[in-house]
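K.L.:
Need coordinates for the following:
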Amino acid sequence: MPEIDGFETVAQIRSRFDFYGSVSMILTSAGEGGDAARCRELAISAYLTKPIKQSDLFDAIMTVLALRDQSAENRILITRHSLREAPSERAAASRNLHILLAEDNVVNQKVATKILENWGHSVVVASNGRKAVDACEKERFDLILMDIQMPEMDGFEATRIIRAREKDGGGRLPIVAMTAHAMKGDMEKCLAAGMDDYISKPINRDQMFSVIEKIAKGGEATGNSTPVSSKDDEAFTTEVFDIAGALEIAGGDKAFLKEIADLFLENLPGYVARIREAISGEDAVALEGAAHNLKGAVGNFGAKRAYDAAYRLEAIGKKSALADADRLLKELMEELSSLECAIKSALPE
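P.N.:
Next comes the predicted model:
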């Protein structure tokens, strides 16, 4: 709004009047980095983007009123994503699924498992395509979320093996690809390999919810549930660390965001060591895989500059053109240092 924006309006009302027990909600046309932290600072209960459906606004109002007696430290910020996770909505909308998550990145494993378990699903994790194939031999699943690029056996090959085995045993297990690219060519390749649908990474909770709900209700995947992006970095809104975007991925749970941030920082030296080893050994394939893995982890924090730096190393590995590898590694290290400082500043111990 002109002159005084919504945050400042709430701040002035809080400072001048006794509104104990009242509820404040922010409606905004475009979110910015730091908005979620500002909401918590001002005890704002909900943060919603416009345009907003009448049903979503109603659900948000009812939810914040139901939660207003909770202490501030235990109260989550209500967003359109957290509304999708309301237990009553989940119970009415779907059945619980037994899901195989084929994903090699430990940070992405943590994020996806938390989201799925919050929605009432049970999850088994396989760290590569070969383990995913083996897991399907040992137990029955309702759905596979299949990362495309994994070590030992990628998602395409794993899907082809599973589909070939189904010809003998009958039935068809829904397989949803997870890809960091979401280009038209990727969609076609996924469908050609026998996958039913795909979602993009970093994880978009609404997209994942939509695809899984369709399967949970017994519907067939169509291969077009996810909007196709023309750019790898479309999900990012800030340069170094988008805490508001990261909180959305974490479902508004700052404690969980801190948990995955700590996991990322703990594994960061290993990510970098694999990239250095690939460069020193002039192993283009290993460089592509190591940079891709780091890029996937960085994606959870909306870190555009670090993401782009990892992507450039991945790209030269894919092209087997390593002449600029040392220079690009130096750029990556600078961006990772900035990201680490930003995370530690925003999420202190």
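K.L.:
what's the burial count for residue 6?
P.N.:
Neighbour count for residue 6, taken as other C-beta atoms under 10 Å: 16. The C-beta positions use only the backbone N, C-alpha and C, and glycine is treated the same way.
K.L.:
repeat for residue 213
P.N.:
When neighbours are counted by other C-beta under 10 Å, residue 213 comes out with 17.
K.L.:
list the buried ones in the helix or strand residue 208 falls within?
P.N.:
Secondary structure assignment for residue 208, by DSSP states H and E: helix 205-216. Going by neighbour count (16 or more other C-beta atoms under 10 Å), the buried part of helix 205-216 is 205, 207-209, 211-216.
K.L.:
quick one: least confident of those residues?
P.N.:
The weakest per-residue confidence within those falls on residue 216 (71).
K.L.:
pretty sure it is touching residue 97, no?
P.N.:
Yes. If you go by C-beta atoms under 8 Å, residue 216 and residue 97 touch, sitting 5.8 Å apart.
K.L.:
Report all helices and strands that the one helix or strand residue 101 maps to contacts.
P.N.:
Using DSSP H and E, residue 101 sits in strand 98-102. With contacts defined as 3 or more C-beta pairs under 8 Å, 6 or more residues apart in numbering; DSSP states H and E, strand 98-102 has these neighbours: helix 106-118, strand 122-126, helix 129-138, strand 143-147.
K.L.:
which residues does residue 328 contact?
P.N.:
Counting by C-beta atoms under 8 Å, 6 or more residues apart in numbering, residue 328 touches 309, 312-313, 316.
K.L.:
so how far is the helix holding residue 208 from its chain's centroid?
P.N.:
Centre-to-centre, helix 205-216 and its host chain are 14 Å apart (C-alpha atoms, centre = their mean, to the nearest Å).
K.L.:
Between helix 106-118 and it, find me the angle.
P.N.:
Between helix 205-216 and helix 106-118, the angle formed by their directions is 60 degrees, by axes from the mean of the first three to the mean of the last three C-alpha atoms, to 10 degrees.
K.L.:
Format the CA atom coordinates belonging to the helix or strand that helix 205-216 is followed by as CSV.
P.N.:
Sequence-wise, the next helix or strand downstream of helix 205-216 (DSSP H and E) is helix 243-249. Only the C-alpha atoms of helix 243-249 are listed here, as CSV (Å, rounded to 0.1, in the frame of the first residue of the first chain):
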residue,chain,number,x,y,z
ILE,A,243,14.7,-17.7,3.5
ALA,A,244,11.0,-17.1,2.6
GLY,A,245,11.2,-19.6,-0.3
ALA,A,246,13.2,-22.1,1.8
LEU,A,247,10.5,-21.8,4.5
GLU,A,248,7.8,-22.6,2.0
ILE,A,249,9.7,-25.8,1.0
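K.L.:
for helix 243-249, packing partners?
P.N.:
Applying 3+ C-beta pairs under 8 Å, 6+ apart, one finds that helix 243-249 makes contact with helix 35-41, helix 254-280.
K.L.:
Please enumerate the shared neighbours of residue 216 and residue 97.
P.N.:
In contact with both residue 216 and residue 97: residue 142, using C-beta under 8 Å, 6+ apart.
K.L.:
hmm, who's touching stretch 35-55?
P.N.:
Applying C-beta under 8 Å, 6+ apart, the contact partners of stretch 35-55 are 7, 10-11, 14, 23-31, 56-57, 60, 63-64, 67-68, 72, 75, 77-80, 243-244, 247, 252, 254, 346.
K.L.:
What's the end-to-end length of that stretch?
P.N.:
24 Å (C-alpha to C-alpha, to the nearest Å).
K.L.:
Next, the buried residues of it.
P.N.:
Neighbour-count burial for stretch 35-55 flags 35-36, 38-40, 42, 44-48 (criterion: 16+ other C-beta under 10 Å).
K.L.:
quick one, domains of the chain?
P.N.:
Per automatic domain parsing, the structural domains of the chain span 6-83, 92-216, 243-346.
K.L.:
and the contacts of stretch 35-55, which are buried?
P.N.:
With burial judged by 16+ other C-beta under 10 Å, the buried subset of the contacts of stretch 35-55 is 7, 10, 24-26, 31, 57, 60, 63-64, 75, 77-80, 243-244, 247, 252, 254, 346.
K.L.:
Of those residues, which belong to helices?
P.N.:
Among those, the ones falling in helices (DSSP state H) are 7, 10, 57, 60, 63-64, 80, 243-244, 247, 254, 346.
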